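> Have a look at this prediction, sequence included:
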Amino acid sequence: MDYPFVSITSQQRGLITRQQLLAELSPKAVRHLLSSDRLCVVRSGIYALPGVTEDYETRLMALLLSLSGAAYVSHRSAALLWGLRLPTGDLLEVSAERARNRAVTGEIVHQNKGLHVGTTALRGLPLIGPERTLLECARFFSPLTLKRALEDSLITKICELDRLHATLACLRVRGRRRLTVWDELLPERHFEASESVLELRAAEALVAAGMGHFQQQYILRTASGTRRLDFAFPDLRIDVEVDGKTVHEVRFADDRKRDRELELMGRLVLRFTSEDIPAVLVRDVMRALASRAA
């Protein structure tokens, strides 16, 4: 099917909204596609190309597309996608800046205005990162279940302990409730407010400057293996790394090797320290976005 909107559906698991269609086609053309079975209705205002499988992740994407403003897979649905050891079921659960009022069986939409911090993408789905997901699931599960999930996530390296502590601190600053259980569950450790906290500060600075369309903890496959980047603007192939002083000194050689590998792939790597946040970070990222978009 050679239509201008196919490039959009390829990024949305074969789905497209009515608004996106009408930006490319006339209402008459849209009706023709529907009547000739070249598009099918998935839910109100959301359409799919023929042959698209309506699996769990596709239904999540359809729900996200039906919402206004930024929206991410969250809570138990995010836990399922990350592989956290929690009894999640097949509920569709997301968070949006503007939640709808109408209740739908099997779906939960949380209203959440602090969405941009701790978010990333997985298999094309925008979702809350693993650390924040685990922490915010505290309202649904017993301390014993949470403890098992925590231990498993650390062993399998789905979550990082320092990042869990930093994310917990950030959520509390934003007024999140029902988090006290983590005071007892999170292992005590020597925690230096380094990279994890700096990443949260960097994320907030980018969002405040109107550059919140990044993906945090972006997963990229390279010739030497899978890389986890602090921030990425995938469409423009721009990567942003934030270094805590101690961690930076320890893995300096590895960082340089990784940067060279990414640059050979045609990506632009911008690396910042605590002294660069927020002013230098915002300035340089803004310049890079403008340069690559030109």
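Looks like it arrived, so ask away. Everything quoted here is computed from the prediction, not taken from an experiment. Numbers count the residues shown, from 1 in each chain.

> Let's check: the centremost residue of the protein is which one?
T120 (2.1 Å; Cα atoms, centre = their mean).

> That one and Q217 touch, don't they?
Yes - T120 is within contact range of Q217, at 4.4 Å (criterion: Cβ atoms under 8 Å). Where you see a C-beta, it was placed from the backbone N, CA and C, and this is true even at glycine.

> Mutual contacts of those two, please.
G129 (Cβ atoms under 8 Å, 6 or more residues apart in numbering).

> before we move on, the earlier item: the residue nearest to the centre of the chain falls within a strand, correct?
Yes - counting by DSSP: H, G, I helix; E, B strand; the rest coil, T120 is found in a strand.

> State the distance from it to A202.
Noted for T120: a distance of 14 Å to A202, by Cβ to Cβ, to the nearest Å.

> and what of Y218?
14 Å.

> Please say which of those two ends up with more neighbours.
Taking neighbours as other Cβ atoms under 10 Å, Y218 and A202 compare with A202 leading, 27 against 18.

> thinking that one is in contact with E241, fair?
No - with contact defined as Cβ under 8 Å, A202 does not count as touching E241 (9.7 Å).

> Give the residues shared as contacts by these two.
D230, F231, F272.

> For those, pick the one with the most neighbours.
F231 (24 neighbours).

> Leaving out the residues flanking it, which one is nearest to that residue?
V240 (4.0 Å; Cβ to Cβ, 6 or more residues apart in numbering).

> Next: T145.
Closest to T145 by Cβ to Cβ, 6+ apart is L86, at 6.7 Å.

> For that neighbour, give me the backbone phi and psi.
Backbone torsions for L86, taken as degrees, to the nearest 10, come to phi -140, psi 140.

> which ones are touching it?
Counting by Cβ under 8 Å, 6+ apart, L86 has contacts R76, A79, L80, C137, F140, F141, T145, A149.

> can you tell me which two in the residues you listed are farthest apart?
Across the contacts of L86, no pair lies farther apart than L80 and T145, at 14.4 Å, counting by Cβ to Cβ.

> out of those two, which sits in the busier spot?
The residue with more neighbours, out of L80 and T145, is L80; 21 against 14, by other Cβ under 10 Å.

> Ignoring the adjacent residues along the chain, who's closest to the more buried one?
Per Cβ to Cβ, 6+ apart, closest to L80 is T88, 4.2 Å.

> Thanks a lot, see you next time.
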